[in-house]
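> got a sequence here, can you build the structure:
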Amino acid sequence: MSLSALDLNLLLVLDTVLAERSVAAAARRLHVTPSAVSNALARLRAALGDPLLVRRGRGIVPTPRAAELAPVLAGALRDLGAALHGGSFDPATTTRTFTLAVADAGQLTRVPRVAALLAAEMPRARLRVVGIDSLVSLGGLSGTEIDVVIGPGEEAAGIHVEPLFEERTVLVSRAGHPATGRTLSLDALGRLCHVAVEMAPGKGFRDLAAVAYARAGVAREVAMSVPSFTAAAAVVAATDLVASIPASVLGVLGPHLGLRAVAAPVPLHAVAMKLCWHERTHADPAMAAFRDLVRRAVTSAGTTTSAGGRSAGGRSAGTATRGRARNQRSPFRS
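Below you'll find the model as predicted:
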């Protein structure tokens, strides 16, 4: 028979009678009369074409069909009850998949700490990390696939934003670059050719390096663009191009690629990185635990990395006690 044609309350009655092995006891548990339970069983017998329960002495026993249904009913009703009441979250046993969107700089310098902490506290959970281009293509936080974003997000309707840390950006070149062995003038800086980083062109993500150069009155000549900071670092290591990349990326890749910070008149700019999530996941216990884990992982170092790879004593921007939502434009909206 079709499930849509069945009164599902009858299955709840059967589950209770099977558990109690008594019509009277089931009636007390369900807060109905014994006759109401008997009537429900009669309707279910007619619908399923099986006696379901038969008398044996002073009690009742299930038929083979009812015995087959018993564990399925019990599990389904238990799962439904947990879903309706929010369930309970156990980090040690959860098998949830958590999706974190972060640019490649964060993937290189922050995600390893998230992965380590997740392995320690939620060993059966799965972490899915996507980049900014995937964040855009999947509909941002307003879609259904992204749980948490680390980035320079703005507050918007339905979006919660919490400060995490500041990411400083520096100009880099290869170590043997002929024009960068001294502090550059504005004219000399203007003659250099740059690698620009465009993570999601045309999708509302500003080129913050271009903004800093414009404010300093320097016309930056862009020779090529790449979609990630790591790609920019690799290109700079192999050419006479320069690029603006996060100091944390220079700290990790600089010694391996032979990169150095360039002393230039354009001041270093800092980007406030934030933890962002949507209202749809705000009250979910598992997501709240994951956000707390990410928060602790990415701020655990307590310092930022200087241009030379040393600790620069950078401070976290601080954590808000709760996310806020405002009606402003955000790149994390779909």
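
> can we go C-alpha only for contacts and neighbour counts from here?
Fine.

> any buried residues in the lengthiest helix in the chain, and which?
The single longest helix within the chain, with elements called by DSSP state H, is helix 64-84. Within helix 64-84, the residues scored as buried using 16 or more other C-alpha atoms under 10 Å are 66, 69-70, 73-74.

> can I get those in TSV including pLDDT and distance to Val249?
Listed next are the buried residues of helix 64-84 as TSV, based on pLDDT from 0 to 100; distance: C-alpha to C-alpha, whole Å:
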residue	pLDDT	distance to Val249
Ala66	89	63
Leu69	88	58
Ala70	88	58
Leu73	87	54
Ala74	85	53
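
> run a quick neighbour tally on the closest residue to Val266 other than its chain neighbours.
In space, Val266 comes closest to Ala216 once its chain neighbours are excluded; the distance is 6.1 Å by C-alpha to C-alpha, 6 or more residues apart in numbering. For Ala216, the tally of surrounding residues (other C-alpha atoms under 10 Å) stands at 13.

> list phi and psi for Ala216.
phi -80, psi 0 (degrees, to the nearest 10).

> and what of Ser137?
With angles defined as degrees, to the nearest 10, Ser137 sits at phi -70, psi -30.

> any stretches of the stretch 101-250 of the chain with poor pLDDT?
202-205 (pLDDT under 70).

> where along it do the strands fall?
Along the stretch 101-250 of the chain, counting by DSSP state E, counting those that start in this stretch, strands occupy 126-130, 148-151, 159-174, 193-197, 221-226, 242-246.

> out of these, flag the one nearest Leu259.
Among the strands of the stretch 101-250 of the chain, strand 159-174 comes nearest to Leu259, with 4.5 Å by C-alpha to C-alpha.

> picking that back up, show me which pair in the buried residues of helix 64-84 is furthest apart.
Across the buried residues of helix 64-84, the longest distance by C-alpha to C-alpha is 11.8 Å; it joins Ala66 and Ala74.

> pull up the overlap in contacts between the two.
Common contact partners of Ala66 and Ala74 (C-alpha atoms under 8 Å, 6 or more residues apart in numbering): none.

> stretch 51-62: which residues count as buried?
Residues of stretch 51-62 classed as buried: 51-53, 60-62 (neighbour count, 16+ other C-alpha under 10 Å).

> quick one: end-to-end length of that stretch, please.
9 Å (C-alpha to C-alpha, to the nearest Å).

> was I right to think Val226 contacts Ala196?
Yes - the criterion here is C-alpha atoms under 8 Å, and Val226 meets it with Ala196 at 6.4 Å.

> the two - which one has more neighbours?
Ala196 (24 against 14).

> my guess is the more buried one meets Ala243, correct?
Yes - with contact defined as C-alpha under 8 Å, Ala196 counts as touching Ala243 (6.6 Å).

> any common contacting residues for these two?
Ala232.

> would you list the phi and psi of the residue sitting furthest away from the middle of the chain?
Most distant residue from the mean C-alpha position of the chain: Gly57, 58.6 Å away (C-alpha atoms, centre = their mean). Gly57 adopts backbone torsions of phi 60, psi -130, taken as degrees, to the nearest 10.

> tell me the spacing between it and Ala67.
19 Å.

> the stretch 201-334 of the chain: helices as residue ranges?
In the stretch 201-334 of the chain, the helices defined using DSSP state H, counting those that start in this stretch lie at 208-216, 229-238, 247-257, 285-298.

> of all these, which lies closest to Pro163?
Nearest to Pro163, of the helices of the stretch 201-334 of the chain and by C-alpha to C-alpha, is helix 285-298 at 9.5 Å.

> just checking, what packs against the closest one?
The elements that helix 285-298 packs onto, with contact taken as 3 or more C-alpha pairs under 8 Å, 6 or more residues apart in numbering; DSSP states H and E, are helix 111-121.

> and the helix it packs on, how far out from the chain middle?
13 Å (C-alpha atoms, centre = their mean, to the nearest Å).

> likewise stretch 225-236?
The chain centre lies 25 Å from the centre of stretch 225-236; the measure is C-alpha atoms, centre = their mean.

> list the buried ones in that stretch?
Across stretch 225-236, burial judged by 16+ other C-alpha under 10 Å covers 227-230, 232-236.

> ditto for stretch 80-97
Pro91.

> what's that stretch in contact with?
121-128, 284-286, 289.

> run the last query once more with 10 Å
74-79, 118-128, 147, 283-287, 289-290 (C-alpha atoms under 10 Å, 6 or more residues apart in numbering).

> how long is that stretch end to end?
One end of stretch 80-97 sits 20 Å from the other (C-alpha to C-alpha).

> start at 18 instead
In the new numbering, first residue 18, that becomes stretch 97-114.

> pLDDT of it, averaged?
Mean pLDDT, taken over the full extent of stretch 97-114, equals 80.

> what's the domain layout of this structure?
The record assigns the chain these domain ranges, following automatic domain parsing: 20-101, 105-351.

> return the most buried member of those.
domain 105-351 (a mean of 18; mean count of other C-alpha atoms under 10 Å).

> need the helices of the stretch 218-351 of the chain in a markdown table with distance to Ala44, can you?
Rendered in a markdown table, the data for the helices of the stretch 218-351 of the chain read as follows (distance: least, C-alpha to C-alpha, whole Å):
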| stretch | distance to Ala44 |
| --- | --- |
| helix 225-233 | 68 |
| helix 246-255 | 67 |
| helix 264-274 | 66 |
| helix 302-315 | 35 |
